[in-house]
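J.: would you be able to build a 3D model of this:
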Amino acid sequence: MFSDDEVERYARHLVLREIGGQGQQKLKAAKVLVVGAGGLGGPATLYLAAAGVGTLGLVDADHVSLSNLQRQILFSTQDVGSSKTDRGVQHLAALNPEIGLVSHPFALTADNAEALIGQYDLVLDGVDDFAVRYLINAACLATGKTLVSGAIGRWTGQVAVFHGQPCYRCLVPEIPPGAETCSAVGVVGALAGIIGSMMALEAIKQITGAGETLASRLFVYDGLSAEARTVRLSADPDCPACGTGTSG
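T.: You can find the predicted model right below:
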């Protein structure tokens, strides 16, 4: 059941045919882990908190820096120097005190990834590191969790949803040589909001069963041309994570 405050807070969801009371209850019962409380994780967590996701966990070992604020809207200037997850949880609690929030102020590693991800229903990957993305992908495969993956660079962003096969490593089987980071090549700040919000939208659809998610599909957005395309993804039988080439 919802309290009177919850009915008012989620009124726009409750009147949506695709969500309604049943979908809102699913959101309230859901446990979502967001890995990376930065440019993508910030807007994603803001919208998931606002949507009423019952338990929202944030994983990030970093502290807020001034250069983050160009795109990381979860934070303010007063947060510089503070733990991203600790300050993020405080801001999200101010937005929606009805939900449970968990700060995980440490790096995701091979030693803790499966145990942590196993505590949640759904995982959002907003990190800027291929090795960590591989860890998240492997842990989601091992625990049977759905993964919503987002990435941005310069003016281009992408979102995909993975559950089993195909997995993230079917899309990116090896770390690209000379892989670029946002700190090296730059990124327009507003793009983080677009892709982070789409990640939250995909998570909401996945939880409530509304519409068709980006499962086994990749959405690519070009901010310079204002054009987008969606491509179908196929499982790679030799994928090192989920195929016959699996090496653990």
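J.: for the rest of this, base every contact and every neighbour count on C-alpha atoms.
T.: Will do.
J.: all strands for the chain, in order.
T.: Assigned by DSSP state E, the strands in the chain fall at 31-35, 55-59, 100-104, 122-125, 146-153, 156-162, 217-222, 227-232.
J.: dump the ones you listed to CSV, plus mean neighbour count.
T.: Shown next, in CSV, are the strands of the chain (neighbours: other C-alpha atoms under 10 Å):
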stretch, mean neighbour count
strand 31-35, 25
strand 55-59, 23
strand 100-104, 19
strand 122-125, 25
strand 146-153, 24
strand 156-162, 23
strand 217-222, 18
strand 227-232, 12
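J.: can I get the ones you listed in JSON lines with distance to residue 114 and mean pLDDT?
T.: What follows is the strands of the chain, written out as JSON lines (distance: least, C-alpha to C-alpha, whole Å; pLDDT from 0 to 100):
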{"stretch": "strand 31-35", "distance to residue 114": "12", "mean pLDDT": "98"}
{"stretch": "strand 55-59", "distance to residue 114": "13", "mean pLDDT": "98"}
{"stretch": "strand 100-104", "distance to residue 114": "14", "mean pLDDT": "98"}
{"stretch": "strand 122-125", "distance to residue 114": "12", "mean pLDDT": "98"}
{"stretch": "strand 146-153", "distance to residue 114": "13", "mean pLDDT": "97"}
{"stretch": "strand 156-162", "distance to residue 114": "16", "mean pLDDT": "98"}
{"stretch": "strand 217-222", "distance to residue 114": "25", "mean pLDDT": "98"}
{"stretch": "strand 227-232", "distance to residue 114": "28", "mean pLDDT": "98"}
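J.: redo those strands as TSV? Include distance to residue 10.
T.: As requested, the strands of the chain are exported to TSV (distance: least, C-alpha to C-alpha, whole Å):
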stretch	distance to residue 10
strand 31-35	18
strand 55-59	16
strand 100-104	16
strand 122-125	21
strand 146-153	23
strand 156-162	25
strand 217-222	28
strand 227-232	30
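J.: out of the helices and strands in the protein, which is least certain?
T.: The least trusted helix or strand in the chain, going by mean pLDDT, DSSP states H and E, turns out to be helix 182-185, with a mean of 77.
J.: got the buried residues for it?
T.: Within helix 182-185, no residue is scored as buried using 16 or more other C-alpha atoms under 10 Å.
J.: list the helices and strands it packs on?
T.: Packing partners of helix 182-185 (3 or more C-alpha pairs under 8 Å, 6 or more residues apart in numbering; DSSP states H and E): strand 146-153.
J.: show me which helix runs longest in this structure.
T.: Secondary structure of the chain read by DSSP state H shows that its longest helix is helix 189-208.
J.: what sits against the most centrally placed residue in the chain?
T.: In the chain, the centroid-proximal residue (C-alpha atoms, centre = their mean) is residue 124; its distance is 2.6 Å. Applying C-alpha atoms under 8 Å, 6 or more residues apart in numbering, we find residue 124 in contact with 32-35, 41, 147-150, 199, 203.
J.: next: residue 160.
T.: For residue 160, the contacting residues are 148-150, 214-219, by C-alpha under 8 Å, 6+ apart.
J.: and the angle for the longest helix of the chain with strand 217-222?
T.: 160 degrees (axes from the mean of the first three to the mean of the last three C-alpha atoms, to 10 degrees).
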